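A.B. asks: Sharing a model prediction with you, sequence too.
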2 protein chains.
Amino acid sequence: MDKIGTYEFMAEPFHCDFSGRLFLGHLGNQMLNAADFHSTDRGFGMKYLMGIQRSWVLSRLAIEVEEMPSQYEHFTVETWVESAMRFFTSRNFCVSDSKGRIYGYGRSIWAMIDTETRQPTDIYDIDDGAIKNWIVTDKLCPIERSSRVRMGEGAELVRTIDVNYNDIDINGHVNSVKYIEHVLDLWDIAWYREHRLKRFEIAYVAEAHQGDKLNFYREQTAENECCIRLVKTEKSTNSETEVCRSKVLFEVAS
Amino acid sequence: MDKIGTYEFMAEPFHCDFSGRLFLGHLGNQMLNAADFHSTDRGFGMKYLMGIQRSWVLSRLAIEVEEMPSQYEHFTVETWVESAMRFFTSRNFCVSDSKGRIYGYGRSIWAMIDTETRQPTDIYDIDDGAIKNWIVTDKLCPIERSSRVRMGEGAELVRTIDVNYNDIDINGHVNSVKYIEHVLDLWDIAWYREHRLKRFEIAYVAEAHQGDKLNFYREQTAENECCIRLVKTEKSTNSETEVCRSKVLFEVAS
């Protein structure tokens, strides 16, 4: 079996935005699907892990695109393991059209947890470190690694939302893709008409659950670049806990 | 070509709720995809209509399910035209698993508009009434037709949300499926643990746009049955306009 997994998807009509281009959240979802299919086919997928009380946990995701697939377009997501250490593995993505033209790339970092204790576990424990056999070193992913999202004191509370039924997946907490959507909802269509999303980064810190309120703190860190800190406030204690951090880079649309 | 179109989908892991069952919104989305594929293959799809300044507009949708597909399950959506008149056509759906076991059914009503004037147009104008050749009269859809959702004075304002970037599709207004999700978000996970969604009905009345606020008025109309009226308030005038009405029927989970 090839070390690189290749999966085809279509930009479904109702998964495209006002401009007829795929929403970034849906591209993120297809990357996560590709990751799941790739690892399942190679013996370390979510389904198998569930049976041995383990689960992959997405820790960081960065997506950088030159363009997004248009409505009805078929696109390909390639994914491969770039490196695997005891407590983290990095998985990359390349998104292209049917003619091989590149839309963009993705980088992700995953940890593995024990689903009972919710504590990190050793990735090499799985099938005697078999993941090491799948590492690809010679496939380029020419986008920057995720950086630590640094925020100063200038972040402003710009929105508060409730976590609802449709935000929660089978893991019982807010689905990774929903955060992407909620963050990108901070800008309106007038902004998206003038600006193209170039790079999106998110680092997941803690889990949010239904009933939590999510506060979005936003800080402009450069021209067309913003950092967002999401914190949850729990009903019972009213204390704020950081849930994730995101950095969004736009460029003026041509 | 068969008058009935048959399309296969998978209940993607991140499209399933806390219980591991497909969200109803995603089932609705796959029904709309199936409708689009079916009509495209038979010469009266959205893409073709776009070129002649016409578009299908979903007017009503009813979905009734005995069960929902589980995470990773493959399911089939069959769709066919039940009837076609000058200004409305009705299209039905049957959802089943790979062994033919029925999950549920759907009924929908569609109008056709001129995309310039936004006025209804004659469906028979398209290719000399060719849609009449595709009518299926002998396939059962054993769920009730959509009824007029009657609401009294007892409806209570239970939520207000903003229409955001991710709500809007290429038509420039709130996507039909997003309403389903927003309505079903009115109940929390504690409710869904105890109740199974049996039937969902929605009638689309007017279009909502980004920047609108949506008010949800809910009225309990029978045991485990609620009706919801969604109205938009426009920024400029602050006037309320009805956007859609929905009826949701639950049953106590077994």
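C.D. replies: Perfect, thanks for sending it.
A.B. asks: List, one by one, the residues from the stretch 1-150 of chain A near chain B.
C.D. replies: Counting by CB under 8 Å from any CB of the partner chain, the positions of the stretch 1-150 of chain A adjacent to chain B are A:12-14, A:16-20, A:23, A:25, A:29, A:32-33, A:36, A:46-47, A:71-72. In short, each C-beta sits where N, CA and C put it, glycine included.
A.B. asks: Walking through the stretch 1-150 of chain A, point out its helices one by one.
C.D. replies: Residue ranges of the helices in the stretch 1-150 of chain A, as given by DSSP state H, counting those that start in this stretch, are A:24-41, A:46-51.
A.B. asks: Including mean neighbour count and mean pLDDT, could these go into CSV?
C.D. replies: Formatted as CSV, these follow (neighbours: other CB atoms under 10 Å in any protein chain shown; pLDDT from 0 to 100):
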stretch, mean neighbour count, mean pLDDT
helix A:24-41, 22, 98
helix A:46-51, 14, 90
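A.B. asks: which residues does A:S55 bridge with?
C.D. replies: Judged by DSSP bridges, the bridge partners of A:S55 are A:I113.
A.B. asks: Touching, it and A:F44? I think so.
C.D. replies: No: the criterion here is CB atoms under 8 Å, and A:S55 misses it with A:F44 at 11.2 Å.
A.B. asks: and the lowest-mean-pLDDT helix or strand in chain A, how far from the chain's centre?
C.D. replies: Each helix and strand of chain A was given a mean pLDDT (mean pLDDT, DSSP states H and E); the minimum falls on helix A:46-51 at a mean of 90. On the basis of CA atoms, centre = their mean, to the nearest Å, helix A:46-51 is displaced by 20 Å from the centre of the chain it belongs to.
A.B. asks: how about it as CSV, C-alpha atoms only?
C.D. replies: Listed next in CSV are the C-alpha coordinates belonging to helix A:46-51 (Å, rounded to 0.1, in the frame of the first residue of the first chain):
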residue,chain,number,x,y,z
MET,A,46,-10.2,5.9,14.9
LYS,A,47,-12.4,2.8,14.6
TYR,A,48,-9.6,0.4,15.6
LEU,A,49,-8.4,2.7,18.3
MET,A,50,-11.9,3.0,19.8
GLY,A,51,-11.7,-0.8,20.5
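A.B. asks: which residues sit in contact with A:K47?
C.D. replies: For A:K47, the contact set (CB atoms under 8 Å, 6 or more residues apart in numbering or on different chains) comprises A:T40, B:Y72.
A.B. asks: same thing but 10 Å
C.D. replies: A:K47 makes contact with A:D36, A:S39, A:T40, B:P13, B:Q71, B:Y72 under the criterion CB atoms under 10 Å, 6 or more residues apart in numbering or on different chains.
A.B. asks: pLDDT at A:N238, what is it?
C.D. replies: Here the pLDDT value assigned to A:N238 is 81.
A.B. asks: looking at this, it is in a helix?
C.D. replies: No: secondary structure of A:N238 (DSSP: H, G, I helix; E, B strand; the rest coil): coil, not part of a helix.
A.B. asks: For it, grab the count of nearby residues.
C.D. replies: 8 (other CB atoms under 10 Å in any protein chain shown).
A.B. asks: Now do the contacts for the closest residue to A:D122 other than its chain neighbours.
C.D. replies: Once flanking residues are discounted, A:D122 sits nearest to A:R86: 5.0 Å by CB to CB, 6 or more residues apart in numbering or on different chains. By CB under 10 Å, 6+ apart, the contact list for A:R86 reads A:M112, A:P120, A:T121, A:D122, A:I123, A:Y124, A:D125, A:G129.
A.B. asks: Out of these, which end up buried?
C.D. replies: With burial judged by 16 or more other CB atoms under 10 Å in any protein chain shown, the buried subset of the contacts of A:R86 is A:M112, A:T121, A:I123, A:Y124.
A.B. asks: Identify, from the residues you listed, the entry nearest to B:G154.
C.D. replies: Nearest to B:G154 among those, counting by CB to CB, is A:M112 at 51.5 Å.
A.B. asks: I'd say the closest one and A:S55 touch.
C.D. replies: Yes: in this structure A:M112 lies within contact range of A:S55 using CB atoms under 10 Å: 7.0 Å.
A.B. asks: follow-up on the earlier one: quickly check the contacts of A:K47 for the two that are furthest apart.
C.D. replies: The widest separation within those (CB to CB) is 15.4 Å, between A:S39 and B:Q71.
A.B. asks: confidence score at the residue nearest the centre of chain A?
C.D. replies: For chain A, the residue nearest the mean C-alpha position is A:L61 (4.1 Å; CA atoms, centre = their mean). Here the pLDDT value assigned to A:L61 is 98.
A.B. asks: now do A:K235
C.D. replies: For A:K235, pLDDT reads 75.
A.B. asks: what's the angle from the helix or strand hosting A:I202 to helix A:24-41?
C.D. replies: When secondary structure is defined by DSSP states H and E, A:I202 falls within strand A:195-204. For strand A:195-204 against helix A:24-41, the angle by axes from the mean of the first three to the mean of the last three CA atoms, to 10 degrees is 50 degrees.
A.B. asks: do strand A:195-204 and chain B meet?
C.D. replies: No: using CB under 10 Å from any CB of the partner chain, strand A:195-204 stays clear of chain B, with a minimum separation of 10.5 Å.
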